[in-house]
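Colleague: Return a 3D structure for these sequence lines:
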Amino acid sequence: MTQIPPEPGGGPCAAWWRGPGLLRAPIKQVKRARRLRRELTLPEVLLWQALRKRPNGLKFRRQFPIGPIAVDFACLDRRLIVEVDGEGNSFGDQPRRDAARDALLVREGFGVLRIPARAVLEDLDAVIRRIVSSADVGPSTSLRPVPSRAGEE
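Modeller: Predicted coordinates:
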């Protein structure tokens with residue numbers, strides 16, 4: 001009986017969970033995702049504390065590397081990505097970069113839900129309900145954040 005040699009950077013099955021194609025992240029992205037997990041913003045920390053309790057049975061991963069990017073939260077079973085957008089996501093070329101990331105993820109069959117950081121801070125329960133309902137819809141539907149009311153920007 002021959003033994004399978006260990007893969008670099010892990011045991012014999014270190015990459016089994018990544019799956020095919022896009023979910024196989026380069027080691028550079030894995031290291032970046034690990035660093036980002038240690039540097040979460042306050043809205044990301046609050047959202048993670050709620051998501052790790054598996055609302056409605058949904059399992060999320062935080063700062064999960066997918067291909068060349070690391071997403072804030074990913075529910076792989078439902079192919080749902082949740083991104084927490086701070087104020088910096090509205091300036092410069094960031095909206096264009098976010099749109100390119102979203103397009104890449106949508107092409108790969110993921111639904112992308114962008115949540116304003118302010119919404120997480122103001123009403124976490126409503127954000128969780130929105131995430132759960134979006135997960136029930138599935139990735140085929142275009143998921144956009146609920147527009148904020150006038151004067152809240």
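
Colleague: in the sheet, who's paired with Arg62?
Modeller: For Arg62, the beta-bridge partners are Phe73 (DSSP bridges).

Colleague: who's in contact with it?
Modeller: The neighbourhood of Arg62, defined by CB atoms under 8 Å, 6 or more residues apart in numbering, consists of Arg37, Leu40, Glu44, Trp48, Leu51, Asp72, Phe73. (Each C-beta comes from the backbone N, C-alpha and C, glycine too.)

Colleague: Sitting in strands, which of the residues you listed do you find?
Modeller: Asp72, Phe73 (DSSP state E).

Colleague: hmm, which two among the contacts of Arg62 are most spread apart?
Modeller: Spatial extent of the contacts of Arg62 (CB to CB) is set by the pair Arg37 and Leu51 at 13.3 Å.

Colleague: Please say which of those two ends up with more neighbours.
Modeller: Leu51 (22 against 15; other CB atoms under 10 Å).

Colleague: re earlier: quick check: ChimeraX command selecting the buried ones in the contacts of Arg62.
Modeller: To isolate the buried members of the contacts of Arg62 in ChimeraX, using 16 or more other CB atoms under 10 Å:
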select :40,44,48,51,72,73
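
Colleague: Now tabulate the contacts of Arg62 in CSV and tack on distance to Asp136 and pLDDT.
Modeller: Below are the contacts of Arg62 laid out as CSV (distance: CB to CB, whole Å; pLDDT from 0 to 100):
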residue, distance to Asp136, pLDDT
Arg37, 27, 64
Leu40, 26, 78
Glu44, 23, 91
Trp48, 21, 93
Leu51, 15, 96
Asp72, 20, 90
Phe73, 16, 94
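
Colleague: which one of the contacts of Arg62 is nearest Ser133?
Modeller: Leu51 (14.3 Å).

Colleague: you'd agree that closest one is up against Arg61?
Modeller: No - if you go by CB atoms under 8 Å, Leu51 and Arg61 don't touch, sitting 9.3 Å apart.

Colleague: Find the residues that touch each one of the two.
Modeller: In contact with both Leu51 and Arg61: Phe73, using CB under 8 Å, 6+ apart.
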